[in-house]
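Asker: I need the structure of the sequence given here:
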Amino acid sequence: MILKPYTTPDGIELLYKGEPNFNILNDLANGMGDMWHSSFEQGFKNAFPDILYQTAVFFWYGHDFNNLGSCVSWRLNPNSFVIRKSVWESLDGFDNDYDNTYMAALDFAYNALRNNGAIPLYVNGLFLNDNKEPIVITAIDRYLFYRKNFKKNQAKYMLWRKGFWKYKELKTFNSVFKHYKKRENKRLIPPRDLNAIEGNPTVSYIIPTMLRQDYTLRLLEDLRKQSYPVSQVIVVDATPVDKRDESLYKGGEYPFEVIFKWQTTKGSCRARNEAINLCNGDYIVFGDDDIRIPSNFIENHIRLLQTYGAGACNGLDIEADHENQTLEDLSVKLKTMDAVRWKVGVSQSFSNANSCVKREYIEVLKGNDVNYDGGYGEDSDFGISLSKIGVVVLHNPFSANLHLKPPQGGYRFWGTQAKIIGKKRKVQPWELDVPVKTITPRPSPTIMYQLYKQFSEAQRKEYRYKYFIRYLFKGPKMYFPLRLIKLPYRILQYKKSVFYAKNLMKLGVRTE
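Answerer: Numbering: from 1, shown residues only. Predicted coordinates for the structure are as follows:
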């Protein structure tokens, strides 16, 4: 692969192939990306659909997004792309084991995104050439990609889906696994040096809480000690009247505006949305009530977003060993993971326990989807939704929190009712006007709702296959006969979950 060199007016060294628009490229090089392409118009959109056999719905970028001028995409055209010279050299270029450069380019950009901390971006108009490339991926390359990147069971699953009884498929599978090994891909693109904060951006911090007033007060003390101060904190507390102590909340004691709001609705999504409506900061930081944050937490969120020119980031959420641990324990934990901590790149998840988003993008989404209240998945839904409007959600290793996770309190207090059957069960929001009776839906209807809301039919199909395969074969073999006997009931539970998910889909996205 012979690439041409190019240096931008700002001295940034790039390598390229094809004919990019250099005026656009000069601006891109000063932004967050590490490689850029216009491959959607060149026939690469959703290329290599066989990635679904591994990712199903567990990788946001398994399926390319629609109607965006720029977005994260690893579908790289080897004949038309640009990459930072330092990134190309650090990752050693394309893998020569593949039959053709198409698969080699996809493998390179996929690993850059998922493992190496690089940021591949589709940019409409960077390359004016819209000639469709004749993309051919052989069975050998298909199994080689799985061999190099995933566990053998993932390739076995693909073999089963493609047809293990087909001689050529089985022969190719065996040949690839005999002659090649899994790649040990440990290279990381080092994070950029964070710039000092430009201007005086304002920051709003949101804390939804329930039955944890003591933890909330401790978090407010951490916010008091920040090296870059927040301008506003909004606490939405759902603690029942008979269990709250209103005298504990004294807004005038803090060097920032504090709004204490007693929640009369139900659900953490509604709590966050009520808080969002009160926010006036340029950035909004989301945090759980049971976390501890060091003094540079807010500063490093803003510095990272400004340095990379990004709209959102997801910080390090470090789980405590017990609820009494302190920031000193967090420091110890961070030192033990120092070798693998320093990766920025595109985040593979989103957590409302530790995230920072420009308010302008939250206003586009109008907040959290309250269809998730009473269930699970609201965090990842918000992250995927940001990605689908073109926001690159970065992983931020500089802003870490210690997540205490005490056994009592929190919004899951309501959600635990979903496990109860009978008259004592409290109806969950996602049940709408059809309460659960004898068949408890599994998986959670809100997780199923996310599959219908955010992913394609093909992705849901692979999820369903994998769900029941895991149910039957994961765990001690001695229990397989029992699981097989229970399979018809589990299928009914799955269908019931689909029923509730489709009811939520009929309502559409709701933010209030």
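
Asker: How many neighbouring residues does residue 285 have?
Answerer: Residue 285 has 26 neighbours, counted by other Cβ atoms under 10 Å. In short, each C-beta sits where N, CA and C put it, glycine included.

Asker: ignore the last one, residue 450
Answerer: Neighbours of residue 450 using other Cβ under 10 Å come to 24.

Asker: And for it, nearest residue in space, chain neighbours not counted?
Answerer: Closest residue in space to residue 450, ignoring its immediate chain neighbours: residue 377 at 4.7 Å, by Cβ to Cβ, 6 or more residues apart in numbering.

Asker: what sits against that neighbour?
Answerer: Listed by Cβ atoms under 8 Å, 6 or more residues apart in numbering, the contact partners of residue 377 are 444, 446, 447, 449, 450.

Asker: Which residue ranges of the stretch 301-450 of the chain form strands?
Answerer: According to DSSP state E, counting those that start in this stretch, the stretch 301-450 of the chain carries its strands in the segments 312-319, 354-358, 393-403.

Asker: Let me have those strands in CSV, adding mean neighbour count, distance to residue 188 and mean pLDDT as columns.
Answerer: Output for the strands of the stretch 301-450 of the chain, formatted as CSV (neighbours: other Cβ atoms under 10 Å; distance: least, Cβ to Cβ, whole Å; pLDDT from 0 to 100):
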stretch, mean neighbour count, distance to residue 188, mean pLDDT
strand 312-319, 22, 15, 96
strand 354-358, 24, 21, 97
strand 393-403, 23, 10, 97
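
Asker: For residue 132, find the nearest of those.
Answerer: strand 393-403 (30.5 Å; Cβ to Cβ).

Asker: From residue 443, how far out is the residue nearest to residue 450?
Answerer: Separation of residue 377 from residue 443 (Cβ to Cβ, to the nearest Å) stands at 10 Å.

Asker: and if you look at residue 51?
Answerer: Going from residue 51 to residue 443 by Cβ to Cβ gives 22 Å.

Asker: quick one, which of the two is more surrounded?
Answerer: Counted by other Cβ under 10 Å, residue 51 and residue 443 do not tie: residue 51 has more neighbours, with 23 against 17.

Asker: So for stretch 127-143, mean pLDDT?
Answerer: Across stretch 127-143, the average pLDDT comes to 89.

Asker: Rebuild the strands of the stretch 301-450 of the chain as a markdown table, extending it with distance to residue 104.
Answerer: Listed next are the strands of the stretch 301-450 of the chain as a markdown table, based on distance: least, Cβ to Cβ, whole Å:
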| stretch | distance to residue 104 |
| --- | --- |
| strand 312-319 | 30 |
| strand 354-358 | 35 |
| strand 393-403 | 26 |
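
Asker: For residue 511, which of these is the nearest?
Answerer: Among the strands of the stretch 301-450 of the chain, the nearest to residue 511 by Cβ to Cβ is strand 354-358 (14.9 Å).

Asker: for that closest one, packing partners?
Answerer: When contacts are defined as 3 or more Cβ pairs under 8 Å, 6 or more residues apart in numbering; DSSP states H and E, strand 354-358 packs onto strand 283-287, helix 297-308, strand 312-319, strand 393-403.

Asker: can you do 10 Å?
Answerer: strand 283-287, helix 297-308, strand 312-319, helix 378-388, strand 393-403 (3 or more Cβ pairs under 10 Å, 6 or more residues apart in numbering; DSSP states H and E).

Asker: for the fourth one, packing partners?
Answerer: Applying 3+ Cβ pairs under 10 Å, 6+ apart, one finds that helix 378-388 contacts strand 70-72, helix 268-276, strand 312-319, strand 354-358, helix 359-365, strand 393-403, helix 445-454.

Asker: Quick one: name whatever helix or strand follows the first one.
Answerer: Right, strand 70-72. Note on strand 70-72: by DSSP states H and E, the next helix or strand toward the C-terminus is strand 81-84.

Asker: Could you pull out the buried residues of that following strand?
Answerer: 81, 82, 83, 84 (16 or more other Cβ atoms under 10 Å).

Asker: average pLDDT for the helix or strand just after it?
Answerer: Later in the chain than strand 81-84, the nearest helix or strand by DSSP H and E is helix 85-91. Across helix 85-91, the average pLDDT comes to 95.

Asker: Give me the helices and strands touching helix 85-91, please.
Answerer: Going by 3+ Cβ pairs under 10 Å, 6+ apart, helix 85-91 lies up against strand 4-7, strand 13-17, strand 35-37, strand 81-84, helix 101-114.

Asker: can you list those in JSON lines and add distance to residue 511?
Answerer: Listed next are these as JSON lines, based on distance: least, Cβ to Cβ, whole Å:
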{"stretch": "strand 4-7", "distance to residue 511": "45"}
{"stretch": "strand 13-17", "distance to residue 511": "41"}
{"stretch": "strand 35-37", "distance to residue 511": "33"}
{"stretch": "strand 81-84", "distance to residue 511": "38"}
{"stretch": "helix 101-114", "distance to residue 511": "30"}
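
Asker: winner for burial among the ones you listed?
Answerer: By mean neighbour count, with neighbours taken as mean count of other Cβ atoms under 10 Å, strand 35-37 ranks first of those at a mean of 28.

Asker: Mind listing residues that contact that strand?
Answerer: With contacts defined as Cβ atoms under 10 Å, 6 or more residues apart in numbering, strand 35-37 is touched by 14-18, 20, 24-25, 28-29, 44, 70, 73-84, 87-88, 91, 105, 108-109, 112-113, 118-123, 126-127.

Asker: List the pairing partners of it within its sheet, with orientation.
Answerer: strand 81-84 (antiparallel), strand 120-123 (parallel) (DSSP bridges).

Asker: Check which element follows the last one along the chain.
Answerer: For strand 120-123, the following helix or strand on the C-terminal side (DSSP H and E) is helix 139-149.

Asker: Hey, what's the angle from whichever helix or strand comes after that next one to helix 139-149? Just curious.
Answerer: Using DSSP H and E, the next helix or strand after helix 139-149 towards the C-terminus is helix 152-162. Using axes from the mean of the first three to the mean of the last three Cα atoms, to 10 degrees, one finds that helix 152-162 and helix 139-149 are set 150 degrees apart in direction.

Asker: what's next to helix 152-162, contact-wise?
Answerer: Contacts of helix 152-162 with the rest of the structure, by Cβ under 10 Å, 6+ apart, involve 50-55, 139, 142-147, 149-151, 164, 166, 168-170, 172-174, 176-177, 182, 461-462, 465-466, 469, 473.

Asker: CA atoms of whichever helix or strand comes after it as PDB?
Answerer: Next in sequence after helix 152-162, counting helices and strands by DSSP H and E, comes helix 167-179. Extracted in PDB, the C-alpha atoms of helix 167-179 (Å, rounded to 0.1, in the frame of the first residue of the first chain):
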ATOM      1  CA  TYR A 167     -18.200 -28.900   2.200                       C
ATOM      2  CA  LYS A 168     -16.600 -25.600   1.100                       C
ATOM      3  CA  GLU A 169     -17.600 -23.800   4.200                       C
ATOM      4  CA  LEU A 170     -16.300 -26.500   6.500                       C
ATOM      5  CA  LYS A 171     -13.100 -26.900   4.500                       C
ATOM      6  CA  THR A 172     -12.400 -23.200   4.600                       C
ATOM      7  CA  PHE A 173     -13.100 -22.900   8.300                       C
ATOM      8  CA  ASN A 174     -10.700 -25.800   9.100                       C
ATOM      9  CA  SER A 175      -8.000 -24.500   6.800                       C
ATOM     10  CA  VAL A 176      -8.000 -21.000   8.200                       C
ATOM     11  CA  PHE A 177      -7.900 -22.200  11.800                       C
ATOM     12  CA  LYS A 178      -5.100 -24.600  11.000                       C
ATOM     13  CA  HIS A 179      -2.800 -22.000   9.400                       C
END
